[in-house]
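Enquirer: Sequence and predicted model, in that order:
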Amino acid sequence: MRIAVLIALWKEGLPASEIGRRLRVTKNAVVGKVHRLGLAKRHPPVHGKPKEAEIIRLDTLGAGMCSWPEGEPGTDAFRFCGRPAVDGKPYCGDHCTRAYVKSTRDRKVTRAA
């Protein structure tokens with residue numbers, strides 16, 4: 001189960017440190033397991049300046065659009081995702097996966113009930 005979660009988070013592009021935090025292991029444990037599983041290496045994304053048409057600012061963010069913030073607030077590169085949002089949620093599917101993480105505490109309460 002944990003390996004499946006690790007693989008999913010790795011393919012999503014989360015940093016090894018964040019995956020480790022979610023799985024309650026070290027970053028090095030994540031990197032080692034990724035290596036042993038033979039998962040594809042990832043390279044840091046090349047950050048280019050987005051085209052003006054791709055920039056979704058607060059004044060152009062509408063209903064049904066993903067409101068996940070990207071970039072540093074207060075800079076010219078700050079924007080929102082803008083992809084179609086999941087029904088009833090403020091984010092697209094990819095960002096919902098990152099935003100809504102079930103805690104282990106919730107699972108323990110469910111099992112005890």
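Expert: Alright, I've got the coordinates. Please read all numbers here as calculations on a predicted model, not as lab measurements.

Enquirer: Quick check: which ranges of the protein have low pLDDT?
Expert: Within the chain, the stretches with pLDDT under 70 are 43-54, 103-113.

Enquirer: any idea how it splits into domains?
Expert: Listed domain ranges for the chain are 1-43, 50-113 (source: automatic domain parsing).

Enquirer: so which of those domains is the most packed in?
Expert: The highest mean neighbour count among the domains of the chain, using mean count of other C-beta atoms under 10 Å, belongs to domain 1-43: a mean of 14. Quick note: C-beta positions are derived from backbone N, CA and C, even for glycine.

Enquirer: Can you give me every residue that contacts the nearest residue to T97 once chain neighbours are set aside?
Expert: Of all residues not flanking T97 in the chain, E12 sits nearest, at 6.5 Å (C-beta to C-beta, 6 or more residues apart in numbering). E12 sits next to D94, T97, R98 when contact means C-beta atoms under 8 Å, 6 or more residues apart in numbering.

Enquirer: Surely the last one is in contact with L14?
Expert: Read that as R98. Yes: taking contacts as C-beta atoms under 8 Å, R98 lies within contact range of L14: 7.3 Å.

Enquirer: Can you tell me the SS state at P90?
Expert: Under DSSP: H, G, I helix; E, B strand; the rest coil, P90 falls in the coil class.

Enquirer: in the protein, which spans are strands?
Expert: Taking DSSP state E, the strands of the chain run over residues 69-70, 79-80.

Enquirer: Format these as a markdown table; extra columns: distance to I56.
Expert: Listed next are the strands of the chain as a markdown table, based on distance: least, C-beta to C-beta, whole Å:
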| stretch | distance to I56 |
| --- | --- |
| strand 69-70 | 9 |
| strand 79-80 | 5 |
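
Enquirer: closest to V86 out of those strands?
Expert: Proximity to V86, assessed across the strands of the chain by C-beta to C-beta, is greatest for strand 79-80 (15.1 Å).
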